[in-house]
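Enquirer: okay, here's the prediction I keep looking at, along with the sequence it came from:
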Amino acid sequence: MLVPADKQLGDQINRAFAGTSASTGYATGVVVGIGAISALGHIKTMMNNATATITPLQHQLEVFGRALSLLTILVAIGTFFIAWQGRSHPLGEAFPIAVSIAVAIIPEGAL
């Protein structure tokens, strides 16, 4: 039975597409499209032409990440100066203290 090619993919009952599996029987086929004009090629073309959009959650996470980064930098700088000037630690001790505080602020797996 011939089905016109302009039918939807689900209505093309006489076609086997790439990746189709059969459990029993036999068949003879004719290739009607390869590359970009096949069904999978059409899907790939549509995916390549799709524009990426940012969801509201992704936007909120970006804003939160920037705020957390700024807060971390400010706290690390403040800790460094307090350790160096306020507590009279040498530079070799004040810097690792500030870095350890900065590492403790960033949540695990955030990067």
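Expert: Okay, I see it. Residues are numbered from 1 along each chain as shown.
Enquirer: could you list the residues in contact with stretch 44-60?
Expert: 36, 62 (C-beta atoms under 8 Å, 6 or more residues apart in numbering). Placement of C-beta: from N, CA and C, glycine included.
Enquirer: redo that, cut-off 10 Å
Expert: Defining contact as C-beta atoms under 10 Å, 6 or more residues apart in numbering, one finds that stretch 44-60 is touched by 35-38, 61-62.
Enquirer: next, count neighbours for residue 83.
Expert: Using other C-beta atoms under 10 Å, residue 83 has 20 neighbouring residues.
Enquirer: and if you look at residue 60?
Expert: Using other C-beta under 10 Å, residue 60 has 10 neighbouring residues.
Enquirer: look up how far residue 67 lies from it.
Expert: According to C-beta to C-beta, to the nearest Å, residue 60 stands 11 Å off from residue 67.
Enquirer: and what of residue 38?
Expert: Distance, residue 38 to residue 67, using C-beta to C-beta: 48 Å.
Enquirer: where are the low-confidence patches of this protein?
Expert: Residues of the chain meeting the criterion pLDDT under 70: 1, 5, 109-111.
Enquirer: do that again at 90, thanks
Expert: By pLDDT under 90, the weakly predicted segments of the chain are 1-54, 61, 65, 68-69, 83-94, 97, 101-111.
Enquirer: who's sitting farthest from the centroid in it?
Expert: What lies farthest from the middle of the chain is residue 88; by C-alpha atoms, centre = their mean that is 45.8 Å.
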